[in-house]
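[1] Structure of the sequence below:
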Amino acid sequence: MSRIGKRKLTIPEKVDVNINGNNIVVKGPMGELNLDFSNLVKVEIKDNQISVMPTKKTKEANIMTGTTNSHIKNMLEGVSVGFTKQLETVGVAYRFALQGNTLVVSAGYSKSINVEIPSDIKITSPSNNIIVISGIDKQRVTEFAANVRKIRKPEPYKGKGIRYENETIRRKEGKKAAK
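    Next up, the predicted model:
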C-alpha cells in the first residue's frame, strides 16, 4: 500500500467531518467541501483522526487509497486555512485589471483577454502586475491560476510573460552578433 495512503489525518479545530456511505463532507470556517470516493476504499474516523484503508487487495485499491487520502487532506486544509496562488506579469504593458466578475489580462496581444472568474474563487490585485488567487478547493485554485498563466507563458530569452510568484525561468542566450 502507498505511504500516502497509510498516513492518518488529524482533523483541525473548528472543522466538522461527516461520512455518509461513499461521500465525505468537510465543513469549516472557510466553507464546505464534499467528495464522492471509490468503493475500493473505506474511510473511518477514530479519535479525531481520519484513516483510509483499501477494501480489496488490488493495485487499483492501493492507488485509490493514496488518492483519496490526498484529496481529504486538501479538503481539511482548504476549509480551515484555504489556498492561494500569486501570479505576476513581466514585460512592458503586461498587466491585470479586475472589472467586476471579470479579469482583464493585457499580455502583449492586440486585444485584452477577458477571463470569467468562477464564483468560488476570490481574486485580489495589490498592484496592476500582481494578482492573488484564493479559494478553498486546491484543484480549482491551481487550475484557474494555470489557465491564466497559459495566456502568455514566460519565454526563455527575455523572461516576459505571466509567471507564478517565485517561479524561476531558465534563461537562454540569444543570438550573437557576427564579428
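
[2] Okay, helices next: where are they in the chain?
    Along the chain, the segments classed as helices by DSSP state H run 3-6, 59-80, 138-149.

[3] Adding distance to residue 164, mean pLDDT and mean neighbour count as columns, could you present those in a markdown table?
    Placement of C-beta: from N, CA and C, glycine included. As requested, those are exported to a markdown table (distance: least, CB to CB, whole Å; pLDDT from 0 to 100; neighbours: other CB atoms under 10 Å):
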| stretch | distance to residue 164 | mean pLDDT | mean neighbour count |
| --- | --- | --- | --- |
| helix 3-6 | 24 | 84 | 14 |
| helix 59-80 | 18 | 94 | 19 |
| helix 138-149 | 7 | 96 | 17 |
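
[4] need these in TSV with distance to residue 92, can you?
    Listed next are the helices of the chain as TSV, based on distance: least, CB to CB, whole Å:
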stretch	distance to residue 92
helix 3-6	44
helix 59-80	37
helix 138-149	19
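
[5] Would you agree residue 18 is in contact with residue 33?
    No: contact criterion CB atoms under 8 Å: residue 18 and residue 33 do not qualify, at 11.7 Å.

[6] what's the closest of the helices of the chain to residue 112?
    When the helices of the chain are compared by CB to CB, helix 138-149 sits nearest residue 112, at 13.0 Å.

[7] Just the CA atoms from the closest one would do, formatted as PDB, please.
    Only the C-alpha atoms of helix 138-149 are listed here, as PDB (Å, rounded to 0.1, in the frame of the first residue of the first chain):
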ATOM      1  CA  LYS A 138      -7.000  23.400  -4.200                       C
ATOM      2  CA  GLN A 139      -7.800  21.900  -7.600                       C
ATOM      3  CA  ARG A 140     -10.000  24.800  -8.700                       C
ATOM      4  CA  VAL A 141      -7.500  27.500  -7.500                       C
ATOM      5  CA  THR A 142      -4.400  25.900  -9.200                       C
ATOM      6  CA  GLU A 143      -6.400  25.100 -12.400                       C
ATOM      7  CA  PHE A 144      -7.600  28.700 -12.600                       C
ATOM      8  CA  ALA A 145      -4.000  30.000 -12.000                       C
ATOM      9  CA  ALA A 146      -2.600  27.600 -14.600                       C
ATOM     10  CA  ASN A 147      -5.200  28.800 -17.200                       C
ATOM     11  CA  VAL A 148      -4.400  32.500 -16.500                       C
ATOM     12  CA  ARG A 149      -0.600  31.700 -16.800                       C
END
